[in-house]
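Colleague: Predicted model and sequence follow; I will ask about them next.
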Amino acid sequence: MNTITPHHFLILAFLLFGVGFLGVVIRRNVLLVLMSLELMLNGINVALVAFSRAGANLDGSIFVFFIMTVAAAEVSVGLALLVALYKKRKSIFTEDMNLLGN
């Protein structure tokens, strides 16, 4: 029977981060960019927990809680900006974000 090693978790973390990075670079919809940023943060979380478990150390798991806190703040600020952009421009695409003042 095959066992799951930290190597498998690191591959998963790399794939999550890669898909999130591609989403940030390719997408023009702000909501999808925010979702891609969350994927990137979750990829980092998986890698930190894998390293933490492999090293029998809880430092990586503690960092995960801080990252989750930052992710929650990022979502709230990002969604507030998204609502403000939609009220002002009636669009949620990134090319409409260059002039929020007008």
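Modeller: All right, it came through fine.
Colleague: how about low-confidence regions in this protein?
Modeller: Along the chain, segments meeting pLDDT under 70 span 1, 96-102.
Colleague: ok, which stretches of it are strands?
Modeller: Here the chain has no strands by DSSP state E.
Colleague: Can you tell me which residue is spatially central in it?
Modeller: Among the residues of the chain, the one closest to the centroid is E38, at 2.2 Å (CA atoms, centre = their mean).
Colleague: How about that residue, nearest residue that isn't a chain neighbour?
Modeller: If the residues on either side of it in the chain are set aside, E38 comes closest to A71, at 6.2 Å by CB to CB, 6 or more residues apart in numbering. For every residue, glycine as well, the C-beta is placed using N, CA and C.
Colleague: Quick check, that neighbour in contact with L39.
Modeller: No - A71 is not in contact with L39 according to CB atoms under 8 Å; the separation is 10.6 Å.
Colleague: Do a quick rundown of the helices in the protein.
Modeller: 6-26, 30-54, 59-89 (DSSP state H).
Colleague: from those helices, which stretch is densest packed?
Modeller: Mean neighbour count (mean count of other CB atoms under 10 Å) peaks for helix 30-54 among the helices of the chain, with a mean of 18.
Colleague: List the contacts of the nearest residue to F14 once chain neighbours are set aside.
Modeller: Nearest non-adjacent residue to F14, counting by CB to CB, 6+ apart: G43, 7.0 Å away. Neighbouring residues of G43 by CB atoms under 8 Å, 6 or more residues apart in numbering: 12-18, 20.
Colleague: Please report how far G43 lies from N57.
Modeller: From G43 across to N57, the span is 20 Å (CB to CB, to the nearest Å).
Colleague: still on that earlier bit, now render the helices of the chain as JSON lines, adding distance to E95.
Modeller: Supplementary listing: the helices of the chain in JSON lines, determined by distance: least, CB to CB, whole Å:
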{"stretch": "helix 6-26", "distance to E95": "14"}
{"stretch": "helix 30-54", "distance to E95": "10"}
{"stretch": "helix 59-89", "distance to E95": "10"}
